[in-house]
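pasting the structure only:
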């Protein structure tokens with residue numbers, strides 16, 4: 001199995017890369033000679049041409065890459081070649097967050113405005129330590145353009161308080177979306193039967209699993225959903241521009 005972490009939105013080049021996995025014609029002898037260093041992911045090819053050259057540079061994101069030890073040397077060569085050839089399909093943390101174009105995530109409530117008090121809630125009390133911890137993810141989400149600061153003159157229909165959780169000394173901001181989820185009409189979509197999916201995979205030699213980094217946030221919200229998704233903390237109200245975690249219908253997207 002090849003596990004690919006992708007931040008950029010999927011495009012034609014990536015689709016072609018996946019179709020071509022372990023099928024592409026491989027590089028010349030000089031590239032094969034460099035295989036040992038490449039497999040350990042200490043160096044990466046820097047060339048956008050079809051056949052890479054021996055001009056290498058270090059890519060920190062691949063230093064700890066692990067390859068299936070059961071792959072033959074030839075298959076490793078082909079796999080690595082494809083990863084390098086389609087390097088622009090992978091993104092770093094410094095690049096803008098991708099977005100799924102043409103698909104807006106909506107939220108439909110079973111109540112009408114004016115909403116019940118349960119949907120318009122104040123911020124939870126927070127200790128100085130918790131307040132300081134909350135400000136870190138708030139800033140990160142603003143920088144990623146996942147949320148925005150709501151102006152004092154803007155009308156907010158729904159406010160959701162957040163809490164800070166701690167695990168092994170690390171903090172995490174979590175929106176208390178239980179009230180909003182209670183009033184949200186669920187999506188009902190057909191899904192394939194698991195045995196049919198497994199049957200389709202039974203003859204596969206390679207299985208590629210793609211994990212979109214911050215995948216939830218690559219879903220854009222509709223204008224209506226933005227009105228329902230505002231979080232409130234000690235330092236103000238922030239509106240979501242992208243789909244957050246923990247909303248009722250997020251798995252369907």
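Looks like it came in fine. This one's a predicted model, so the numbers in the text were calculated from it and none came from an experiment.

Go ahead and confirm residue 174 touches residue 166.
No - counting by C-beta atoms under 8 Å, residue 174 stays clear of residue 166, with 11.0 Å between them. Quick note: C-beta positions are derived from backbone N, CA and C, even for glycine.

And these two? Which one has more around it.
When neighbours are counted by other C-beta atoms under 10 Å, residue 174 comes out ahead of the other of residue 174 and residue 166, with 14 against 11.

Quick check: that one vs residue 217, distance?
Taken as C-beta to C-beta, to the nearest Å, the spacing of residue 174 relative to residue 217 amounts to 15 Å.

same deal with residue 96?
Shown here: residue 96 relative to residue 217, a distance of 12 Å by C-beta to C-beta.

which one of the two has more residues nearby?
residue 217 (22 against 10).

So the more buried one: helix, strand or coil?
For residue 217, the secondary structure call by DSSP: H, G, I helix; E, B strand; the rest coil comes out as helix.

can you pull out the helices in this protein?
According to DSSP state H, the chain carries its helices in the segments 12-19, 29-32, 35-39, 73-85, 128-143, 178-183, 194-201, 223-228.

and the last one, what other elements does it pack with?
What that stands for is helix 223-228. In terms of contacts (3 or more C-beta pairs under 8 Å, 6 or more residues apart in numbering; DSSP states H and E), helix 223-228 is packed against strand 236-240.

ok, now the longest one?
Counting contacts by 3+ C-beta pairs under 8 Å, 6+ apart, the secondary-structure elements packed against helix 128-143 are strand 147-149, strand 160-167, strand 170-175, strand 236-240.

mind running it again at 7 Å?
strand 160-167, strand 170-175 (3 or more C-beta pairs under 7 Å, 6 or more residues apart in numbering; DSSP states H and E).

what does the average pLDDT come to for the last one?
The average pLDDT for strand 170-175 rounds to 90.

Direction included, what does it pair against?
Using DSSP bridges, the neighbouring strands of strand 170-175 in the sheet come out as strand 160-167 (antiparallel).

Now the strand it pairs with: buried residues?
Within strand 160-167, the residues that qualify as buried are 160-162, 164, counting by 16 or more other C-beta atoms under 10 Å.

burial of residue 108, as a residue count?
Here the neighbour count serves as a burial measure; for residue 108 (other C-beta under 10 Å) it reads 13.

Break this protein into its domains for me.
Domain assignment for the chain, taken from automatic domain parsing, gives 2-89, 104-252.

ok, of the ones you listed, where does mean pLDDT dip lowest?
domain 2-89 (a mean of 51).

ok, back up a step: residue 107 is nearest to which of the helices of the chain?
When these are ranked by proximity to residue 107, the top entry is helix 223-228, at 4.4 Å, counting by C-beta to C-beta.

Which residues does the closest one contact?
Outside of helix 223-228, the residues within contact range by C-beta atoms under 7 Å, 6 or more residues apart in numbering are 105-107, 109, 157-158, 180, 239-241.

can you do 6 Å?
By C-beta atoms under 6 Å, 6 or more residues apart in numbering, the list of residues contacting helix 223-228 from outside reads 105-107, 157-158, 239.

number of nearby residues for residue 205?
Summarising burial for residue 205: neighbours were counted as other C-beta under 10 Å, giving 7.

how much space is there between it and residue 79?
For residue 205, the distance to residue 79 (C-beta to C-beta) stands at 12 Å.

One more: residue 125?
Using C-beta to C-beta, residue 125 is found at 52 Å from residue 79.

The two: which is more packed in?
Relative neighbour count places residue 79 above the other of residue 125 and residue 79, with 19 against 9, counting by other C-beta under 10 Å.
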